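K.L.:
here's my sequence, what's the structure:
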Amino acid sequence: MMDMDIKISACVITKNEEKNLPYWIKCVAAIADEMIVVDTGSSDTTIEIARNGGAEVYFFDWIDDFSAAKNYALEQATGDWIVFLDADEYFTENSLKSFKKALKYYDTDRNIAALLCRTINIDKAHSDCVISTSLLPRAFRNSPDLRYKWAIHEQLENKSGNKKMVFAPELEIIHTGYSEDRLKRKYKRNLSIMMRELENAETDDDRKRLYPYIANEYNSAKDFVNAIRFAKLCIDSNIEIVGDEGKYYGMMILAMLNTGYSSDAILEVIAEAQNKYPKEPLFEFCKGFVLFSVQDYIGVEDAFCKGFMLREDIGKRNGAGVADTSQGLLRHIYEKLGYICEIKEDRQAAIDCYVKSLQSYKYQRESLNGLCRLLKGENPVEIISLLESIYDKKTDADYLLPILKKHIGGSVFVYYSKYAKNVSQADVFMAIERFDAAAAVLIKRYEALISN
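P.N.:
Now for the predicted structure:
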C-alpha cells in the first residue's frame, strides 16, 4: 500500500504468462493499491497465479487488438495513477525504492499526464545480455482522456491534448520480451496483424505509423532484407523516436552489415546518418565494424575512439532521456579491439579488451578464446582468479573446458573439470601429462565401441 493519498492501479493483459506473472505481481505489489489482470484466453495457470497473488481477474475475448484489451483494463482501474507494465516487464529494485517519492513529485504538476520510463531490453536466453534501451510511457494518470490506440504496438493517446509526457529518470524497467525464444513466438502473430492494418490503412499517416513497427519485427526476426526496406521507409518518412532519433539509420546499417553489402555502400549510408545525427555514437562504431571487415585497423581504432567519446557524452545526457544505442554492441567492439591489440603485440591492452568484452557478455566465445591464448603459461592461480571474476565455476565449467583444453590445459583445466558434468577422464590425464593413463582410458573406450 502507498503511504500517501495517491491510489495506484497496476494493470496488465495476459495470455499464458505463468512464467512471467509471478515476478510482475511481486514487482507491482510493492507500489500498487490494486492489481488488475485482464486475461485474453490463457490455457495455463496464469489465472490461478493472478488470483493467488491478490489480483482482480477480468476476462476479455481476444480480437487481435491490444488497445481494446488494455483499454478494457483501464476501465476497471479505480486508482489516481495507472502503472501499466507488460507481463514481461518489471521495475528495477532502485526504481521500486524511489517510486513513491518520484510519483508524489510528478503528481504535483497537473500538466503532467504520463511518465516516460527508460526500458532496458535484455535477452534472458543469453545471460541477461542487454540488447537495447528505449523510452516508454508506463505510468500515467487515470483519466478518460488517456486511452490506447492501434491494434498492435499500441500508443497511449491523450484525447484532450493539453497535458504532457515527461521523462522520469528515477524509473527504470527491465523488459525480457526481446529474448530470442519469445521473439520467435510473437513474430508471426504481430506481423500478420500489422500487415493487415497496413493493407487497410486509409491515409499516408496511418501507413507511416506502421513502418517502424514492421521494421522492428523484421529486424527482430533477422529478416534483414525486409528490415532494410522498412527502415528506409521510416527514414524517407522522417520518422524519429524520441531519445533515439537515429534508430532507423542504425537498424538499416546493422542489417546491411548482416547481409553482405559492400563496404562502400554501407559507409555511404553511415556518412548520411552522421551528417544528420553527428552526436550519435552508434554510427562511429558501425563505421569501425565496416573498416574491420576490410582490415583497416588504424581506421577501426580511430572510429571506435570517436564512438567512445560520443558515448561518454550520451552518458552525461542520460538524465535528459537519451537512449544508450550502443550498449548491446560493446562485447563486439571490445572483442575487435582485443584482436587488433594482439596484432600490435600489445598483450596487456589485448587482455584488458577481451576482459571488457566478457564483462559485457561472458559467452562471447572469440573474446574468451583470445583471452585464453594470451593467458597461456601464466600463473594458474592468477588465471583462475581472473576467470572467476567473470564466470561461475559451478554453472560455467562445461562451457569453459573446451576452450581451456585448447589454449591452457594443465592445472587450470583440472580445476574446472571438477565442476563439469561432461568431462573426459582422458582429457584430465592429458592435462597433467599422464599420457599412459590417458591412452589406457582411450583404449578401453575404443574396445567398448568395437564390442558394440
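K.L.:
now do the helices in the stretch 301-450 of the chain.
P.N.:
Shown for the stretch 301-450 of the chain, the helices assigned by DSSP state H, counting those that start in this stretch span residues 330-343, 347-360, 365-375, 380-388, 393-407, 410-417, 425-431, 435-451.
K.L.:
mind giving me the packing neighbours of the fifth one?
P.N.:
In terms of contacts (3 or more CB pairs under 8 Å, 6 or more residues apart in numbering; DSSP states H and E), helix 393-407 is packed against helix 365-375, helix 410-417, helix 425-431. Quick note: C-beta positions are derived from backbone N, CA and C, even for glycine.
K.L.:
would you turn those helices into JSON lines with mean neighbour count and distance to residue 175?
P.N.:
Written out in JSON lines, the entries for the helices and strands packed on helix 393-407 read as follows (neighbours: other CB atoms under 10 Å; distance: least, CB to CB, whole Å):
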{"stretch": "helix 365-375", "mean neighbour count": "20", "distance to residue 175": "26"}
{"stretch": "helix 410-417", "mean neighbour count": "20", "distance to residue 175": "34"}
{"stretch": "helix 425-431", "mean neighbour count": "19", "distance to residue 175": "41"}
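K.L.:
need those helices in JSON lines (columns: mean pLDDT and distance to residue 102).
P.N.:
JSON lines is the format used below for the helices and strands packed on helix 393-407 (pLDDT from 0 to 100; distance: least, CB to CB, whole Å):
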{"stretch": "helix 365-375", "mean pLDDT": "97", "distance to residue 102": "38"}
{"stretch": "helix 410-417", "mean pLDDT": "91", "distance to residue 102": "45"}
{"stretch": "helix 425-431", "mean pLDDT": "72", "distance to residue 102": "55"}
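K.L.:
just put those helices in TSV and tack on distance to residue 84.
P.N.:
Supplementary listing: the helices and strands packed on helix 393-407 in TSV, determined by distance: least, CB to CB, whole Å:
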stretch	distance to residue 84
helix 365-375	39
helix 410-417	46
helix 425-431	53
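K.L.:
out of those, which comes closest to residue 292?
P.N.:
Across these, residue 292 has its closest neighbour in helix 365-375 (12.6 Å, CB to CB).
K.L.:
what does that closest one contact?
P.N.:
Taking CB atoms under 8 Å, 6 or more residues apart in numbering as the criterion, the residues outside helix 365-375 that touch it are 331, 334-335, 338-339, 342, 347, 350-351, 354-355, 357-358, 362, 383, 386, 400, 403-404, 406-408.
K.L.:
quick one, strands of the stretch 1-150 of the chain?
P.N.:
Assigned by DSSP state E, counting those that start in this stretch, the stretch 1-150 of the chain shows strands spanning 8-14, 34-39, 56-59, 81-84, 89-91, 112-123, 129-141, 146-149.
K.L.:
mean pLDDT lowest where, among those strands?
P.N.:
Taking each of the strands of the stretch 1-150 of the chain in turn, the one with the lowest mean pLDDT is strand 129-141, at a mean of 85.
K.L.:
possible to save the strands of the stretch 1-150 of the chain as JSON lines with distance to residue 370 and mean neighbour count?
P.N.:
Converted to JSON lines, the strands of the stretch 1-150 of the chain look like this (distance: least, CB to CB, whole Å; neighbours: other CB atoms under 10 Å):
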{"stretch": "strand 8-14", "distance to residue 370": "44", "mean neighbour count": "25"}
{"stretch": "strand 34-39", "distance to residue 370": "48", "mean neighbour count": "22"}
{"stretch": "strand 56-59", "distance to residue 370": "52", "mean neighbour count": "15"}
{"stretch": "strand 81-84", "distance to residue 370": "44", "mean neighbour count": "24"}
{"stretch": "strand 89-91", "distance to residue 370": "35", "mean neighbour count": "22"}
{"stretch": "strand 112-123", "distance to residue 370": "23", "mean neighbour count": "21"}
{"stretch": "strand 129-141", "distance to residue 370": "19", "mean neighbour count": "20"}
{"stretch": "strand 146-149", "distance to residue 370": "48", "mean neighbour count": "17"}
